[in-house]
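K.L.:
let's see this in three dimensions:
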Amino acid sequence: MFLGTHHPRLDDKGRLFLPAKFRKDLAGGLVVTRGQERCLYVFSMAEFERITGEMNKSPVTARGVRDFQRVFLSAASDEIPDKQGRVTIPAVLREYAGLDRECTVIGAGSRVEVWATAAWEAYLADTEEAFSEQSEEVIPGLL
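P.N.:
Purely as a prediction, here's the structure:
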């Protein structure tokens, strides 16, 4: 499970140091792809295979399914971290997420998310208040 907030920097070659606590779970390979809210999703290879397996159960005749699969998979990049725990973020994904030098990496349970720091701070400012005032069950049976 991926948890916490980290602030690695993107180097001049588009490489990102994975937070040390995430490296073991991602050492065997990972997939980075477009996420919602203009962040990137990073999955272990096993989790990505599980997700695509579930995705493949959806009817390809449904336009929403095709649209989601195209956007989600078309820029997906499988990577293996180097010995220093760095992964290259392809240019198309850096552009999509607006990444420059300052990045915020968060653990989001079964995935890691990579955000441009300014975008993460804006997102958090917009959603923290609603989170703290949530009076209805968002996830049934959770709390």
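K.L.:
what strand or helix carries the most centrally placed residue in the chain?
P.N.:
Residue closest to the average C-alpha location in the chain (CA atoms, centre = their mean): Tyr41, at 1.6 Å. Using DSSP states H and E, Tyr41 falls within strand 40-44.
K.L.:
and if you look at Lys13?
P.N.:
Going by DSSP H and E, Lys13 is not in any helix or strand.
K.L.:
give the contact list for the residue lying closest to it once chain neighbours are set aside.
P.N.:
Nearest residue to Lys13, sequence neighbours excluded (CB to CB, 6 or more residues apart in numbering): Thr88, at 7.1 Å. C-betas here are computed from N, CA, C, even on glycine. Going by CB atoms under 8 Å, 6 or more residues apart in numbering, Thr88 touches Lys13, Gly14, Arg15, Leu16, Glu79.
K.L.:
hmm, back to that, do you know how far the residue nearest to the centre of the chain is from Glu121?
P.N.:
19 Å (CB to CB, to the nearest Å).
K.L.:
same question, Gly109
P.N.:
On the measure of CB to CB, Gly109 and Glu121 end up 21 Å apart.
K.L.:
which of those two has more residues huddled nearby?
P.N.:
More crowded of Gly109 and Glu121, by other CB atoms under 10 Å: Glu121, with 12 against 8.
K.L.:
in contact with the residue lying closest to that one once chain neighbours are set aside, which residues?
P.N.:
Distances taken as CB to CB, 6+ apart put Thr104 closest to Glu121, at 7.8 Å, once the chain neighbours are dropped. By CB under 8 Å, 6+ apart, the residues touching Thr104 are Thr5, His6, His7, Val114, Trp115, Ala116, Thr117, Trp120, Glu121.
K.L.:
what pairs with whichever helix or strand Thr104 is part of, parallel or antiparallel?
P.N.:
Element membership for Thr104, per DSSP H and E: strand 103-107. Counting by DSSP bridges, the strands paired with strand 103-107 are strand 5-6 (antiparallel), strand 112-116 (antiparallel).
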